[in-house]
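In: after the sequence you'll find the predicted model.
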Amino acid sequence: MGAMTLNLSAALGALVTLLAASFTDAATEVFQVPFTTDLDVLNATAGLYGPDGPWQAAVLMMGTWKRASLYEPMDGGPVVPLYPSGLNFLQVLTTEAGGEYNRSNASAPYKEYGNSGDNTMRLIDLNANHSTEGAIVIDGVTLVNNRMELPGYSNANATIYAMNASTIHFPNGRSYVPEVGTLGLGRPFDVLELPGTGIVDQLKAQGLITSSSFGLHIGSAAFGQRGSLILGGYEENRIIGPVATFKNVLGVPVVFLVDVNIDVEIGRWPFNASEIGSIWEGTTDEYGQAAVKAYSGKNGSVIIDPNGAVPGIYLPGPTCANAAKHLPVRYDSALGYYLWNTDDPTYASIVRSGAYMGFILSDSDAKNVTIKVPFTLLNLTLDSPIVDTPTSYFPCHDVTSQQNGYWELGRAFLQAAFLGVNYDTNTTFIAQAPGPNMNQSVVHTLKPSDTSVVSGPVDSFAESWRPYWTALDAASSATSTDTKKPLGAAAIGGIVIGVIAGLALALLGWFFWWRRRAARALAVEMDSQEGEEMAAKRDSKEYRDMPEMGAGQAYPVYELGPSNVAELDSPGKLAVSELDSPVKINEAPGSPGVYEMPVHSFASREELMKR
Ligand SMILES: *[C@@H]1O[C@H](CO)[C@@H](O)[C@H](O)[C@H]1NC(C)=O
Ligand SMILES: *[C@@H]1O[C@H](CO)[C@@H](O)[C@H](O)[C@H]1NC(C)=O
Ligand SMILES: *[C@@H]1O[C@H](CO)[C@@H](O)[C@H](O)[C@H]1NC(C)=O
Ligand SMILES: *[C@@H]1O[C@H](CO)[C@@H](O)[C@H](O)[C@H]1NC(C)=O
Ligand SMILES: *[C@@H]1O[C@H](CO)[C@@H](O)[C@H](O)[C@H]1NC(C)=O
Ligand SMILES: *[C@@H]1O[C@H](CO)[C@@H](O)[C@H](O)[C@H]1NC(C)=O
Ligand SMILES: *[C@@H]1O[C@H](CO)[C@@H](O)[C@H](O)[C@H]1NC(C)=O
Ligand SMILES: *[C@@H]1O[C@H](CO)[C@@H](O)[C@H](O)[C@H]1NC(C)=O
Ligand SMILES: *[C@@H]1O[C@H](CO)[C@@H](O)[C@H](O)[C@H]1NC(C)=O
Ligand SMILES: *[C@@H]1O[C@H](CO)[C@@H](O)[C@H](O)[C@H]1NC(C)=O
Ligand SMILES: *[C@@H]1O[C@H](CO)[C@@H](O)[C@H](O)[C@H]1NC(C)=O
Ligand SMILES: *[C@@H]1O[C@H](CO)[C@@H](O)[C@H](O)[C@H]1NC(C)=O
């Protein structure tokens, strides 16, 4: 990334100054985090990232900096682009890896991750062969509000996976270093027992936001839709129809995906088949089934993680293959992607129609909420260095759960979904988000007691897309008009808006992973690897206030474990030899799984503690 400045374009300077007075007091209870695309709003291609996007990312500054006044641009340390997610920590590339983060001011490493044998930190692409190495450190970051609102900035300490190396390898022999990191908005001490305090908790403690919460809609960078990341609140206009709510356990919402279908919201039916409906077949993946059972889901559903850290949509097969049967796509095994046949006449008519992939989620009350991801958004672009010339692709991947028991809905999905979390009530919200033609921003503060959010009318979904769905009528062929399906029927049957929490799966995976590693290593490593600085931090008030950290180094993870996890102990597969074998990454380089902790290696607490 080049020199990015948090400076509004000079051409806007006068306007900004004019508006500043009226904006100044507007947002004392929330903090709006800018996206890369907000920094140079006159340039439509600035702030876009690939090579599988285009994506836009949130920005913050590494290091602890101050801003003299609202009227001065923020300058100082490097501004880094980070994909927002519910992960428990930040991931950034260090200067050693060609990134922007100089970790010279960081605390001593809490834990080092080398590339050989302990590569548990891969969080990028479940479809990719991703290797990283680095260390968990704590360092200062500066959040900056770019809109002339108070507060103009905020300093916080972040738990950071500082990557000395990060490379994604493709089957065709190419590779690249992802330049965008991850902004983990979750609490480090949830699930992982990482050191540190969540960023939103710190902003709340500073009195800058009302609750420890955030509302996120990544939006569609390709269509110039602004991203929305509000700490302490959310934008009402980003939420349409019914909202699925999830109770977080250890910070993790358990989100069940019960069905996936293909349908049309409004306008012409663009597919050759006269009817498609469900493309879901459940899964025979034993880890997936065990995880659903452990969390008391319905047989035939799977647990999914709405995770902004990963680009694609990763589902149990043959869901994507079933979708592909109806789409002008071909699977390119050298790349590992479905590519659109852009010459096929049905390509444009599908991508510009009101057709969508519907993801039916079941929330904590077993209420179905459907998140519709228009095919308009599933026309993403592969670019250099993956391919030589820009190539349109369909971001759906049939994958096994990699022995993790869950699948992921990444940014391709989150373009069309709202994700919010209130850590004060341990509630996660997932809902349909609008298309690019959305209403004026209305920012709500989330209160510490809030367990619901306000949403707009269901039919505003079609309204928000109408200008972009140009193949709505019989212009090209086939049938015509808005007859396909009365909206009402769809709304009742399943249009209902889906809920997906960016946090959930990541936490689950972490949880799986951490339980095992912690069991083996915690007692030793907490003492031996912590530097003096970390030890001092642990003794500080900030850390003492966190019950999990206060509980000390013993085995707090197991004590915090939700009781239903114990069910995972039962599947008769817990021979000690199996606990060791499947998780050695160097022995199983083929597994692109992000988290190596297999479901079945949940040993009993006693067994883990012996290790
Ligand atoms: C717009 O941004 C792109 C990407 O950063 C850059 O290559 C291009 O030069 C910019 N255009 C102008 C007019 O500044
Ligand atoms: C690192 O610490 C030094 C001394 O405290 C300070 O001057 C410098 O600005 C810090 N660098 C960053 C990136 O925070
Ligand atoms: C990182 O910061 C240290 C201390 O400020 C400095 O000596 C070093 O040159 C910096 N490294 C890079 C690559 O900027
Ligand atoms: C990363 O780089 C730092 C600074 O050179 C070094 O201290 C650390 O050992 C490296 N970590 C790994 C995992 O290579
Ligand atoms: C970050 O942590 C250090 C060490 O505990 C502390 O001195 C500093 O005040 C913290 N900064 C913020 C913004 O909380
Ligand atoms: C939320 O979860 C955390 C642990 O993740 C727990 O410490 C806290 O008490 C919970 N709060 C509520 C209101 O349930
Ligand atoms: C939820 O969706 C699933 C899959 O489409 C369906 O089988 C189930 O009946 C629905 N449940 C409710 C309560 O509508
Ligand atoms: C769960 O569903 C699978 C097929 O999806 C089926 O083979 C299995 O028998 C079911 N299990 C139970 C307990 O119903
Ligand atoms: C649909 O049918 C048309 C005409 O036969 C054909 O050209 C097109 O490739 C078909 N599309 C798909 C996705 O099979
Ligand atoms: C698919 O996306 C590419 C890149 O944004 C765009 O050029 C193309 O027009 C899109 N295809 C359709 C049918 O809209
Ligand atoms: C905009 O708000 C109006 C009034 O609430 C609503 O009727 C309309 O559906 C909304 N449109 C969109 C695209 O959200
Ligand atoms: C992943 O990439 C590394 C480095 O190119 C290679 O050694 C390894 O075999 C690859 N693994 C798979 C499964 O392709």
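Out: The structure has been received and is ready for your questions. Ligands and ions are numbered 1, 2, ... in the order given.
In: how much space between the residue nearest to R466 when sequence neighbours are not counted and T428?
Out: Sequence neighbours aside, N437 is the residue nearest to R466 in space, at 6.8 Å (criterion: C-beta to C-beta, 6 or more residues apart in numbering). (Glycine included, C-beta is placed from N, CA and C.) Noted for N437: a distance of 27 Å to T428, by C-beta to C-beta, to the nearest Å.
In: then L419?
Out: For L419, the distance to T428 - C-beta to C-beta - is 7 Å.
In: for I313, same thing?
Out: 19 Å.
In: Y337 too?
Out: For Y337 relative to T428 (C-beta to C-beta), the value is 30 Å.
In: before we move on, what about E235?
Out: From E235 across to T428, the span is 17 Å (C-beta to C-beta).
In: and those two? which has more neighbours close in?
Out: T428 (30 against 26; other C-beta atoms under 10 Å).
In: next SSE downstream of the strand or helix carrying the more buried one?
Out: Per DSSP states H and E: T428 is located in strand 427-432. Sequence-wise, the next helix or strand downstream of strand 427-432 (DSSP H and E) is strand 443-445.
In: which residues touch the next helix or strand after that following strand?
Out: The first helix or strand that comes after strand 443-445 along the chain, using DSSP H and E, is helix 460-465. Helix 460-465 has contacts (C-beta atoms under 8 Å, 6 or more residues apart in numbering) with 240-241, 265-266, 354, 372, 374, 376, 432, 434-439, 487, 495.
In: and ligand 10, is helix 460-465 touching that?
Out: No. Using C-beta under 6 Å from any ligand atom, helix 460-465 never reaches ligand 10; the gap is at least 13.0 Å.
In: also stretch 384-396?
Out: Yes. Stretch 384-396 is in contact with ligand 10 by C-beta under 6 Å from any ligand atom, via S392.
In: buried residues, that stretch. List them.
Out: Of the residues in stretch 384-396, I386, V387, T391, S392, Y393, F394, P395, C396 count as buried by neighbour count, 16 or more other C-beta atoms under 10 Å.
In: wait, which of the residues you listed is closest to G219?
Out: When those are ranked by distance to G219 (C-beta to C-beta), P395 comes first, at 15.7 Å.
In: just list the residues touching that closest one, thanks.
Out: With C-beta under 8 Å, 6+ apart, P395 has these contacts: D52, P311, G312, I313, Y337, Y338, L378, L380, G410, A412.
In: which of those residues fall within helices?
Out: If you go by DSSP state H, the contacts of P395 have A412 in helices.
In: which helix or strand contains the residue of the stretch 201-350 of the chain at minimum distance from ligand 4?
Out: Using C-beta to the nearest ligand atom, the single residue of the stretch 201-350 of the chain nearest to ligand 4 is A309, 20.2 Å away. A309 belongs to no helix or strand when assigned by DSSP H and E.
In: could you report the neighbour count for it?
Out: If we define neighbours as other C-beta under 10 Å, then A309 has 27 of them.
In: can you check N127 too?
Out: 25.
In: give me the phi and psi angles of the residue nearest to it when sequence neighbours are not counted.
Out: Using C-beta to C-beta, 6+ apart and skipping the chain neighbours, the partner closest in space to N127 is H397 (4.4 Å). Here the main-chain torsion angles of H397 (degrees, to the nearest 10) amount to phi -130, psi 120.
In: ok, now the one 10 residues further on?
Out: For W407, the backbone dihedrals (degrees, to the nearest 10) come out as phi -120, psi 180.
In: quick check, it in contact with G288.
Out: Yes. With contact defined as C-beta atoms under 8 Å, W407 counts as touching G288 (7.5 Å).
In: tell me the residues of the chain that contact ligand 11?
Out: N237, P434, N437, M438, N439, G456, P457, S460, E463, S464.
In: make it 5 Å
Out: Applying C-beta under 5 Å from any ligand atom, we find that the chain lies next to ligand 11 at N439, G456, P457, S460, E463, S464.
In: my guess is T391 meets T381, correct?
Out: Yes. Assessed by C-beta under 8 Å, T391 is found in contact with T381 at 6.8 Å.
In: pull up the gap between the one residue in the chain that gets nearest to ligand 11 and ligand 3, please.
Out: Taking C-beta to the nearest ligand atom as the measure, the chain has S460 as its residue closest to ligand 11, at 3.2 Å. Counting by C-beta to the nearest ligand atom, to the nearest Å, the separation of S460 from ligand 3 is 48 Å.
In: please report how far the residue lying closest to A412 once chain neighbours are set aside lies from L377.
Out: Spatial nearest neighbour of A412, excluding adjacent residues (C-beta to C-beta, 6+ apart): P395 at 4.0 Å. Per C-beta to C-beta, P395 is found 9 Å from L377.
In: also T470?
Out: T470 sits at a distance of 15 Å from L377 (criterion: C-beta to C-beta).
In: more crowded one of those two?
Out: L377 (25 against 15).
In: for that one, which non-adjacent residue is spatially closest?
Out: Going by C-beta to C-beta, 6+ apart, L377 has Q415 as its nearest residue, at 4.8 Å.
In: list the contacts of the one you found.
Out: I218, G219, S220, V373, L377, A433.
In: for ligand 6, state which of these is nearest.
Out: Set against ligand 6, the nearest of the contacts of Q415 by C-beta to the nearest ligand atom is I218 (24.6 Å).
In: and the helices in the stretch 101-250 of the chain?
Out: Under the criterion DSSP state H, counting those that start in this stretch, the stretch 101-250 of the chain contains helices at 199-205.
In: what does it put close to ligand 4?
Out: Looking at ligand 4, the residues of the stretch 101-250 of the chain close enough under C-beta under 5 Å from any ligand atom are E112, E133, N164.
In: distance of the nearest residue to the second one once chain neighbours are set aside from ligand 12?
Out: Taking C-beta to C-beta, 6+ apart as the measure, E133 lies nearest to N115, with 4.3 Å between them; neighbours along the chain are not counted. Noted for N115: a distance of 10 Å to ligand 12, by C-beta to the nearest ligand atom.
In: ditto for A97
Out: 16 Å.
In: and that residue, what does it touch?
Out: G134, M163, N164, A165, S166, V177.
In: kindly report the same for W469.
Out: Per C-beta under 8 Å, 6+ apart, neighbours of W469: I266, G267, R352, S353, G354, P374, T376.
In: TSV please, covering the contacts of Q415 and showing distance to ligand 3 and pLDDT.
Out: Putting the contacts of Q415 into TSV (distance: C-beta to the nearest ligand atom, whole Å; pLDDT from 0 to 100) gives the following:
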residue	distance to ligand 3	pLDDT
I218	31	98
G219	33	98
S220	35	98
V373	41	98
L377	38	98
A433	39	98
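In: would CSV of the residues you listed with distance to A324 be doable?
Out: What follows is these, written out as CSV (distance: C-beta to C-beta, whole Å):
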residue, distance to A324
I218, 25
G219, 26
S220, 22
V373, 15
L377, 17
A433, 25
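In: number of residues surrounding the residue of the stretch 101-250 of the chain found nearest ligand 2?
Out: Using C-beta to the nearest ligand atom, the single residue of the stretch 101-250 of the chain nearest to ligand 2 is N105, 3.7 Å away. By other C-beta under 10 Å, 12 other residues sit near N105.
In: isn't it right up against G140?
Out: Yes. At 7.0 Å, N105 counts as touching G140 under the criterion of C-beta under 8 Å.
In: what is in contact with those two at once?
Out: Jointly contacting N105 and G140 under the rule C-beta under 8 Å, 6+ apart are G63.
In: among the contacts of helix 460-465, which ones are buried?
Out: Buried, going by 16+ other C-beta under 10 Å: 240-241, 265-266, 354, 372, 374, 376, 432, 434-436, 438, 487, 495, out of those.
In: got the buried residues for stretch 359-378?
Out: The neighbour-count check on stretch 359-378 (16+ other C-beta under 10 Å) flags 359-364, 368-378 as buried.
In: could you tell me which of the residues you listed are located in strands?
Out: The subset of the buried residues of stretch 359-378 located in strands under the criterion DSSP state E comprises F359, I360, L361, S362, N368, V369, T370, I371, K372, V373, P374.
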